[in-house]
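Colleague: kindly generate the corresponding structure for this input.
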Amino acid sequence: MSPMDLNGKPASTVDLAWNGSDEMRQQERRRVSRRLHDDIGPSLCSAGLMIGLLRSNWPELNRESRELLDTIQEALEAAVDSVRVLSYQSDPGIVTRCGLRKSIELITQGRPVDFTFEQGTPAWSMEQAESLCRIIGDALLAWDASERPGRVQLVLGHRAVQLRAPAGELLGEAALQSVRQIAARVNLSVEYRDSSVTELSVTPGKEP
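Modeller: Now for the predicted structure:
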């Protein structure tokens, strides 16, 4: 019997190849998220605790040593915060852990993105919300890689989520095709306009 897709129709070789690569990608994201959360994060926290123990001898330290410890502690705190954010950004189940709005805030943290949240946003199923975060993450990775100047505008609005880039294409052909496949699987509608201001719009349909 021929393999079937999510709609009960025969799956093409291309579909099956994409399914396999997508699952591998999701597994890799889970692995990276666990590694950041379970290994790297605790190691940095332990280093911070050791700095705290050194502070118990604070009166005996000279000024240069105290300044050095302050610098090290600030660097460790920044690293812990970055690892925490990267752990969430890498997690395919980020919406389950954080909710949609907080997930988008984490995905955009540390990036040149102006995020606007409007009250009365659409009702997204959990699958749609998780897929939406993947689409946003992929689009922002593409923007990071482009190294183009300017800030991306992201609006979680009443009828759709919109990403606007100030110049040049936001997604290449392969990336756009991947986004459309992700969206189609959970009944999301994608519109993409590439001009002087590039816009990617994602709208929720009915829950699949």
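Colleague: show me which helix runs longest in the protein.
Modeller: helix 63-90 (DSSP state H).
Colleague: name the next helix or strand downstream of the helix or strand encompassing residue 184, please.
Modeller: Secondary structure assigned from DSSP states H and E places residue 184 in helix 173-185. For helix 173-185, the following helix or strand on the C-terminal side (DSSP H and E) is strand 188-193.
Colleague: list the buried residues of that next one.
Modeller: When burial is assessed from 16 or more other CB atoms under 10 Å, strand 188-193 yields the following buried residues: 188, 190, 192. No exception for glycine: its C-beta is placed from N, CA and C like everyone else's.
Colleague: from what I see, the first one and residue 181 are in contact.
Modeller: No - with contacts counted by CB atoms under 8 Å, residue 188 stays clear of residue 181, the gap being 10.7 Å.
Colleague: using the three-state scheme, assign residue 43.
Modeller: Following DSSP: H, G, I helix; E, B strand; the rest coil, residue 43 is assigned to helix.
Colleague: that one - how many residues pack around it?
Modeller: 13 (other CB atoms under 10 Å).
Colleague: roughly how far apart are it and residue 55?
Modeller: Applying CB to CB, to the nearest Å, the value for residue 43 to residue 55 is 19 Å.
Colleague: picking up where we left off before, which elements pack onto the longest helix of the chain?
Modeller: Packed against helix 63-90 by the contact rule (3 or more CB pairs under 8 Å, 6 or more residues apart in numbering; DSSP states H and E) you find helix 13-35, helix 41-55, helix 94-98, helix 100-108.
Colleague: what angle do it and helix 100-108 make?
Modeller: Angle between the axes of helix 63-90 and helix 100-108 is 120 degrees (criterion: axes from the mean of the first three to the mean of the last three CA atoms, to 10 degrees).
Colleague: now helix 63-90, how far from the centre of its chain.
Modeller: 22 Å (CA atoms, centre = their mean, to the nearest Å).
Colleague: how far off helix 41-55 does that helix point, in degrees?
Modeller: Interaxial angle, helix 63-90 versus helix 41-55 (the same axes, to 10 degrees): 160 degrees.
Colleague: residues near residue 62, how many?
Modeller: 8.
Colleague: next: residue 95.
Modeller: 23.
Colleague: setting aside sequence neighbours, what's the nearest residue to it?
Modeller: Distances taken as CB to CB, 6 or more residues apart in numbering put residue 129 closest to residue 95, at 4.4 Å, once the chain neighbours are dropped.
Colleague: okay, that neighbour: pLDDT?
Modeller: Listed pLDDT for residue 129 reads 88.
Colleague: which residues touch the residue lying farthest from the centre of the chain?
Modeller: Computed with CA atoms, centre = their mean, the maximum C-alpha offset from the centroid of the chain is found at residue 60, amounting to 45.2 Å. Going by CB atoms under 8 Å, 6 or more residues apart in numbering, residue 60 touches no other residue.
Colleague: and what of residue 123?
Modeller: Contacts of residue 123 by CB under 8 Å, 6+ apart are residue 204.
Colleague: same thing with residue 126?
Modeller: Residue 126 neighbours (CB under 8 Å, 6+ apart): 95, 96.
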